[in-house]
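Participant: Any chance you can model this:
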Amino acid sequence: MSIHDYLIDHREFDWRSFFAEWTWLVSNEFTVWLMNRFGDLFLVFDDGSVRMLDVGAGTLKQVANSRDDFRAQVDEENNANEWFMIPLIDQLVAGGVTLEEGQCYSYKKLPVLGGDYTVDNTCVLPVAEHYGAFGSIHKQIKDLPDGTEVVIKVAK
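Facilitator: Residues are numbered from 1 along each chain as shown. Next up, the predicted model:
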């Protein structure tokens, strides 16, 4: 197993446009370091800290003090499985759900809205749609108390 089996090459992506819906959570003072196949990002900030943008949860949390600290922590406990979603990606690949260039795994129902981290709740989306749609949803619900009922209307 190689960690690269759980990552997406993100070097050619237009991050400025992808982050248009995430500016409420993420400042412009970071470098995109790693991207797992569910589009979650590991960002390195000016202070050297590594923070994970979890698209399903709509959160940005520090996971390491530096890249070296991240490398040390990834092998601890269940970090690699959680950060890179290894068991779920293994199930998807075994079931024939693969990604084309510019795509990532995504959610039929966001986990923050009650969706599960399961094969049945997974779909494949273009990366731009993944960030645009979910950034917008998270922005709209960020201040709601837990348990608030939400109705999503898709505008065409």
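Participant: Check which helices and strands the helix or strand that residue 44 is a member of is in contact with.
Facilitator: Assigned by DSSP states H and E, residue 44 falls within strand 41-45. Where contact means 3 or more Cβ pairs under 8 Å, 6 or more residues apart in numbering; DSSP states H and E, strand 41-45 is packed against strand 30-35, strand 50-54. Every residue, glycine included, has its C-beta placed from N, CA and C.
Participant: hang on, isn't residue 43 packed against residue 51?
Facilitator: Yes: with contact taken as Cβ atoms under 8 Å, residue 43 and residue 51 are classed as touching, separated by 5.2 Å.
Participant: List the residues that are in contact with both of these two.
Facilitator: When contacts are counted by Cβ atoms under 8 Å, 6 or more residues apart in numbering, residue 43 and residue 51 have 30, 60 as shared neighbours.
Participant: Can you mark which positions in stretch 104-117 are buried?
Facilitator: 104-107, 110, 112 (16 or more other Cβ atoms under 10 Å).
Participant: Now, those residues that are in helices?
Facilitator: Assigned to helices by DSSP state H, none of those qualify.
Participant: which one of the residues you listed sits closest to residue 35?
Facilitator: Set against residue 35, the nearest of the buried residues of stretch 104-117 by Cβ to Cβ is residue 104 (7.8 Å).
Participant: Bridge partners for the closest one, pull those for me.
Facilitator: residue 125 (DSSP bridges).
Participant: where does it land on pLDDT?
Facilitator: Looking at residue 104, its pLDDT stands at 97.
Participant: about what we covered before: sheet partners, orientation included, of the strand holding residue 44?
Facilitator: strand 30-35 (antiparallel), strand 50-54 (antiparallel).
Participant: Go through these and pick out the most buried.
Facilitator: strand 50-54 (a mean of 21; mean count of other Cβ atoms under 10 Å).
Participant: my guess is residue 124 contacts residue 107, does it?
Facilitator: No: assessed by Cβ under 8 Å, residue 124 is found out of contact with residue 107, at 10.8 Å.
Participant: quick one: the helices in the chain?
Facilitator: Under the criterion DSSP H, helices of the chain are mapped to 15-18, 67-73, 79-84, 86-94, 127-141.
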